[in-house]
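here are the coordinates; sequence isn't available:
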């Protein structure tokens, strides 16, 4: 039924009492979803529901919208809120997001600039994070959609450092080269493409025991310089996508210093071992020596999507890569146009949502110790999964578990092609049944099952039952 209040009173509710009642009902329904999340795994979206999403834009009552969201939206989530979701690297979201989301919606802050509370909160979140990452005081940063955007920002700052005129005149014929270990996340390649550097100028250095071969790295840099290229960027991994491995970040920092390269660390999820217990905390030792770090709060800090961060040690280099203030955005000493520095001078976006609020709310509500304990527990669960896998005679790990990622094949006694087909089929069957969500990746020439555990709701019994389900399907296959 159309809501006549929209015709008579604009876009605010005509009857606040009725709207308040429906908002309360939506809150209770949302709390039910969170409290009963273990009973609500991923499920395929029925065709009728897909069709129901067609936009009619004819106006409806708040009650009708709450009913539709309850029936057509909440049941068909992406699965990552469920305790047995370990596919890809996706965070679970937190109950605190609900509180922060309500406040964020009514404030509706644009954090591109100006003098208001959200910008001061963002600076506080950035400074807390730079301390956890052991970066120097004065380190700059900006909250972004995720590590992919953070990577573009960091690489642009690295490029402007070696080519100060690039924003004005372009890169011209200069051939910049970048270096990363084999298996680096695709965000590095995409950033180089977007900046016009080109992915063919990314050198993929071989690995030794999951870490970049430093001797091979130095040799490649020397070779490129001899060929007339200008090496400018070295990218380290803090938590590789496939196996959760870490580069020797201190070793990379030494190479970067010797070769005058900008050291960037892709710490999308793995940077957060900085607040975990030993031995996992030590995996990211040396990260504070980086010129820039890209990381996500929406992965291994469990905060709701989306929320990433880029940290850049040299604030002047960061600002010089992006600052451009037209006359209509001139700052003032007082009033709303005050509050310098503005975040629009440190990234791509002028219009920016209030991402800091949900991070701040989570940190203040749960505390660093609880979040660090959850990260530590995820690593312990990955080790437990590895133990479960090795206990089955026909299963095999792709590599020892280093952090929170476990990759394995369900039937090592089959031919390679048969193993790949079986592993892929098991992943799909378990997803469709709601028993567990594994993703797949390629290792040793095989398609293997992969669990990336960034889920604060997972428990030991989830690991036991999921591996038992894999074993059951492997034998049936």
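Okay, I see it. Since this is a predicted model, take the numbers as computed values, not measurements. Residues are numbered from 1 along each chain as shown.

mean confidence for stretch 424-437?
Mean per-residue pLDDT for stretch 424-437: 97.

ugh, typo on my part, it should be stretch 101-113
Taken as a whole, stretch 101-113 has a mean pLDDT of 95.

count of neighbours near residue 364?
Burial of residue 364 is recorded as 9 neighbouring residues (other C-beta atoms under 10 Å). Quick note: C-beta positions are derived from backbone N, CA and C, even for glycine.

should've said residue 470
Neighbour tally, residue 470, other C-beta under 10 Å: 26.

quick check: closest non-adjacent residue to it.
residue 410 (5.3 Å; C-beta to C-beta, 6 or more residues apart in numbering).

repeat that for residue 138.
Closest to residue 138 by C-beta to C-beta, 6+ apart is residue 315, at 5.9 Å.

and that neighbour, its phi and psi?
phi -60, psi -40 (degrees, to the nearest 10).

circling back: check contacts around the residue nearest to residue 470.
The contact partners of residue 410, by C-beta atoms under 8 Å, 6 or more residues apart in numbering, come to 394-395, 419, 422-423, 426, 449, 470-471, 473-474, 477.

can you give me the end-to-end distance of stretch 254-267?
19 Å (C-alpha to C-alpha, to the nearest Å).

that older thread, quick check: the residue nearest to residue 138 touching residue 136?
No - under the criterion of C-beta atoms under 8 Å, residue 315 makes no contact with residue 136, lying 10.2 Å away.

neighbour count: those two, which is higher?
Neighbours were counted for residue 315 and for residue 136 using other C-beta under 10 Å; residue 315 has more, 14 against 10.

now stretch 246-264: mean pLDDT?
Rounded mean pLDDT across stretch 246-264 is 98.

typed the wrong thing, it's stretch 411-420
For stretch 411-420, the mean confidence score works out to 97.

also stretch 49-63?
94.

quick one: buried residues of that stretch?
61-62 (16 or more other C-beta atoms under 10 Å).

with stretch 159-173 instead?
For stretch 159-173, by 16+ other C-beta under 10 Å, it's 159-163, 166.

next one: stretch 308-324
308-314, 317-318, 321-322.

end to end, how far does it reach?
23 Å.

I'd say residue 119 and residue 338 touch.
No - using C-beta under 8 Å, residue 119 is not in contact with residue 338; the gap is 10.5 Å.

the two - which one has more neighbours?
Just comparing residue 119 and residue 338: by other C-beta under 10 Å the higher neighbour count belongs to residue 119, 23 against 14.

for the host helix or strand of the more buried one, which positions count as buried?
Element membership for residue 119, per DSSP states H and E: helix 117-132. Of the residues in helix 117-132, 118-119, 121-122, 125-126, 129-130, 132 count as buried by neighbour count, 16+ other C-beta under 10 Å.

what's the first helix or strand after that helix?
strand 140-144.

give me the sheet partners of that next one and which way each runs.
Using DSSP bridges, the strands paired with strand 140-144 are strand 308-312 (antiparallel).

now do the partner strand: distance to the chain's middle.
11 Å (C-alpha atoms, centre = their mean, to the nearest Å).

avg pLDDT for it?
98.

likewise for stretch 298-305?
98.

how is the chain divided into domains?
12-77, 109-366, 369-476 (automatic domain parsing).

can you put those in TSV and add distance to residue 100?
Listed next are the domains of the chain as TSV, based on distance: least, C-beta to C-beta, whole Å:
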stretch	distance to residue 100
domain 12-77	13
domain 109-366	4
domain 369-476	15
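
figure out which of those is closest to residue 91.
Among these, the nearest to residue 91 by C-beta to C-beta is domain 109-366 (4.8 Å).

measure that closest one end to end?
24 Å.

ok, back up a step: of all the buried residues of stretch 159-173, which comes closest to residue 180?
The nearest one, if we look at these relative to residue 180 and count by C-beta to C-beta, is residue 159, at 15.5 Å.

C-terminal to whichever helix or strand the closest one is part of, what's the next element?
Assigned by DSSP H and E, residue 159 belongs to helix 147-162. Next in sequence after helix 147-162, counting helices and strands by DSSP H and E, comes helix 166-169.

so which residues make contact with that next one?
For helix 166-169, the surrounding residues in contact (C-beta under 8 Å, 6+ apart) are 159-160, 321.

from the chain's centre, how far out does that helix sit?
That offset, for helix 166-169, works out to 31 Å (C-alpha atoms, centre = their mean).

where's the helix or strand just after that helix relative to the chain centroid, distance-wise?
With elements assigned by DSSP H and E, the helix or strand that comes after helix 166-169 is strand 176-181. Relative to the chain's own centre, strand 176-181 is displaced by 22 Å; criterion: C-alpha atoms, centre = their mean.

run the angle between the next helix or strand after strand 176-181 and helix 147-162 for me.
Following strand 176-181 in sequence order, the next helix or strand is helix 186-194 (DSSP H and E). Helix 186-194 runs at 50 degrees relative to helix 147-162, counting by axes from the mean of the first three to the mean of the last three C-alpha atoms, to 10 degrees.

helices or strands next to the helix or strand that helix 186-194 is followed by in the packing?
Sequence order places strand 202-205 as the next helix or strand after helix 186-194, per DSSP H and E. Contacts defined by 3 or more C-beta pairs under 8 Å, 6 or more residues apart in numbering; DSSP states H and E place strand 202-205 against strand 176-181, helix 186-194, helix 214-226.

okay, the angle between the last one and strand 176-181?
It stands for helix 214-226. Using the same axes, to 10 degrees: helix 214-226 against strand 176-181 is 170 degrees.

report the buried residues of helix 214-226.
Neighbour-count burial for helix 214-226 [16+ other C-beta under 10 Å]: 214, 216-217, 220-221, 224.

cool, and the shortest one?
Under the neighbour-count criterion of 16+ other C-beta under 10 Å, strand 176-181 has 176-181 buried.

ok, these vs residue 235, which is closest?
For those, the nearest to residue 235 is residue 180 (3.9 Å; C-beta to C-beta).

circling back to that earlier point, can you list the buried residues of stretch 308-324 in CSV and add distance to residue 258?
Listed next are the buried residues of stretch 308-324 as CSV, based on distance: C-beta to C-beta, whole Å:
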residue, distance to residue 258
308, 30
309, 28
310, 25
311, 23
312, 21
313, 18
314, 19
317, 20
318, 24
321, 24
322, 29
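
between those, which is closest to residue 385?
Using C-beta to C-beta, the buried residues of stretch 308-324 come closest to residue 385 at residue 308, 27.1 Å.

please, where are all the strands along the stretch 251-400 of the chain?
Remark: strands assigned in the stretch 251-400 of the chain by DSSP state E, counting those that start in this stretch are 262-266, 292-296, 308-312, 396-397.

among the ones you listed, which is nearest residue 360?
strand 308-312 (12.8 Å).
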